[in-house]
Each structure stands twice: as structure tokens, then as C-alpha cells.
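[1] Any chance you can model this:
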Amino acid sequence: MWVVTGNPGNVGKILHWDGTNFTVEHEGGVFTDIWGFGGTNPHTMYAVGDRIVQRGHDGTWQEVVSPDDVPAVCHDDFDLLGVVGRNPNDVWVVGFSPCILHYDGKSWTEIARPDNATRLGGVWALDAKRILVAGQGGADQEQGLISLWSSVDGGASWTQFSDPVFTGIAGGFFDLAATTGGQRIYAPRISGWLLIGTPGGGANTNAMALWTSRVSVASGSPRPGGSGEVILPEQ
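    This next block holds a predicted model:
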């Protein structure tokens with residue numbers, strides 16, 4: 001297990017737990033998130049914060065994007081907040097400012113973010129083209145628009161999720177996660193709700209059913225939820 005630490009003004013660390021002890025593998029910078037691939041790439045990892053570093057096969061970490069090379073739009077008090085990758089040559093990073101970066105195996109590229117997205121904190125790649133990003137802005141409680149956007153063309157265009165079940169629900173997202181293969185998607189909301197999604201199957205593989213969890217983080221008591229289907233644009 002690996003853990004990252006760091007706050008502005010403090011020295012960040014990347015620590016490894018071997019089942020008995022924590023050891024510091026890297027020190028320097030500010031880190032907020034980390035991602036490993038496992039499988040055929042068990043040693044390759046990325047960590048992000050005020051910079052991007054990569055772990056090599058020998059267990060050492062190398063800076064691949066320095067603080068000076070991080071696009072200016074990505075810099076704020078939190079810098080880069082989320083990282084996810086399908087393999088070491090297909091990596092996505094989001095920043096709170098907001099910004100979106102993608103690595104294609106050759107270079108890091110800034111991706112145009114959704115028009116009304118702000119404060120991005122979560123990103124997930126369902127496959128090479130279908131990408132989800134989540135944040136804390138752009139929601140419309142009257143229309144049921146939530147702070148979750150999807151792309152089916154690798155970030156060239158974005159569509160915001162909307163569903164009547166979320167009418168009147170406030171609060172944005174600060175992360176995204178999914179099971180292997182993306183069969184279940186989880187997005188914790190700042191307001192204490194947990195959004196759970198399942199990609200659609202059958203003829204329309206771009207459909208995704210969404211519903212809220214039953215548990216309120218704030219009170220620990222059940223909350224009413226609902227269900228609906230959000231149709232992503234056809235590829």
C-alpha cells in the first residue's frame with residue numbers, strides 16, 4: 001500500500017506499507033493523490049499535487065512534470081487533486097482550479113474542461129474514450145444538473161449529467177472511484193450523499209443508471225433516494 005502526504009508549506013512524502021512498516025520512498029513536493037496499475041505494470045505508479053512524479057521499476061520516483069511545467073491554470077492552493085490511468089500510457093489528472101491533463105505515453109496535454117466546470121477533484125476513465133470528471137460547480141438544483149460531466153471522445157467534448165431525481169439536491173463532488181472495469185461507479189458528495197452509477201448495457205452502451213445511497217454521512221440515518229437513467233451522447 002502507498003500513501004501520499006503534503007500541504008502547501010510542508011514537505012510532501014510518498015510512503016510504502018509492506019505489511020509491517022511504513023518506509024519513505026520519496027520526499028519533496030506536495031502530493032494529494034496516487035495511482036497504481038497492478039497487473040502487468042505492478043511497479044509503475046503516478047502521484048500528483050504541485051507536480052507529477054512517476055515510480056519506476058526500480059522503486060524510485062522521478063519528476064515527470066515539474067511545478068514550473070504544470071500549466072498556470074492548474075495552480076491554486078490545492079493544485080492537482082486527482083489521478084487515474086488505464087495503463088502507464090493513458091493517464092488522466094484533474095486540478096481544483098479547474099484543469100484537466102492527459103498523458104498519451106509521449107507527452108502531457110492540457111484538455112479543454114467543460115464550460116461550466118469548477119473545482120475539479122475527481123476523474124475516472126471507463127475506457128480509452130469514455131471519461132468522467134467531477135467537481136463542485138455548474139450544478140443547477142432546479143433542473144437536476146449535477147457537477148458530473150462525461151466525454152465519449154477522449155475529452156474533445158463534454159456533456160453534463162442531468163436527472164430529475166437530483167432536483168433540489170445541493171453539493172458537489174470531491175472524488176470518483178469505480179470497480180474494476182467500471183461496472184459500478186462511486187462519487188461522494190460534499191453534502192453527505194453518495195452517488196452510485198452503473199454503465200448501461202445492451203444496445204445503448206452509453207447509458208448510465210444513477211441513484212443515491214441510503215446513508216447520510218452527516219446523520220448516519222437513511223435518506224430517500226431515487227433512480228433514473230442518464231443517456232450519454234452516442235460516439
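
[2] Pull the number of nearby residues for G85.
    21 (other C-beta atoms under 10 Å). (Each C-beta comes from the backbone N, C-alpha and C, glycine too.)

[3] What is the neighbour count of the closest residue in space to L80 that isn't next to it in sequence?
    Distance criterion C-beta to C-beta, 6 or more residues apart in numbering; nearest residue to L80, sequence neighbours excluded, is V48 at 4.0 Å. Neighbourhood size, V48 [other C-beta under 10 Å]: 28.

[4] and V48, what are its bridge partners?
    For V48, the beta-bridge partners are D33, I52 (DSSP bridges).

[5] Report pLDDT for it.
    V48 is assigned a predicted lDDT (pLDDT) of 95.

[6] is it true that it touches V83?
    Yes - using C-beta atoms under 8 Å, V48 makes contact with V83 at a distance of 4.6 Å.

[7] Now list whatever residues contact both of the two.
    Common neighbours of V48 and V83, counting by C-beta atoms under 8 Å, 6 or more residues apart in numbering, are 33-34, 93.

[8] For the residues you listed, give me JSON lines that also has pLDDT and distance to R184.
    Formatted as JSON lines, the shared contacts of V48 and V83 follow (pLDDT from 0 to 100; distance: C-beta to C-beta, whole Å):
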{"residue": "D33", "pLDDT": "94", "distance to R184": "20"}
{"residue": "I34", "pLDDT": "95", "distance to R184": "22"}
{"residue": "V93", "pLDDT": "97", "distance to R184": "23"}
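
[9] From those residues, list the buried ones, please.
    Among the shared contacts of V48 and V83, those scoring as buried are 33-34, 93 (criterion: 16 or more other C-beta atoms under 10 Å).

[10] From the residues you listed, pick the one nearest W61.
    I34 (10.4 Å; C-beta to C-beta).

[11] The closest one contacts T5, correct?
    No - I34 is beyond contact range of T5, at 10.3 Å (criterion: C-beta under 8 Å).

[12] Give me the below-cutoff pLDDT ranges for the protein.
    Per-residue confidence for the chain (pLDDT under 70) gives these ranges: 8, 77, 163-171, 180-182, 191, 198-235.

[13] Next, the buried residues of stretch 23-40.
    25-26, 29-37.

[14] Just the ones of those in helices?
    Here DSSP state H is the test, and the buried residues of stretch 23-40 give no hits in helices at all.

[15] Would you verify that A128 is located in a helix?
    No - A128: not assigned to a helix; according to DSSP: H, G, I helix; E, B strand; the rest coil it is coil.

[16] got the phi/psi numbers for the residue lying farthest from the centre of the chain?
    Distance from the C-alpha centroid of the chain, by C-alpha atoms, centre = their mean, peaks at T20 (29.6 Å). For T20, the backbone dihedrals are phi -130, psi -50 (criterion: degrees, to the nearest 10).
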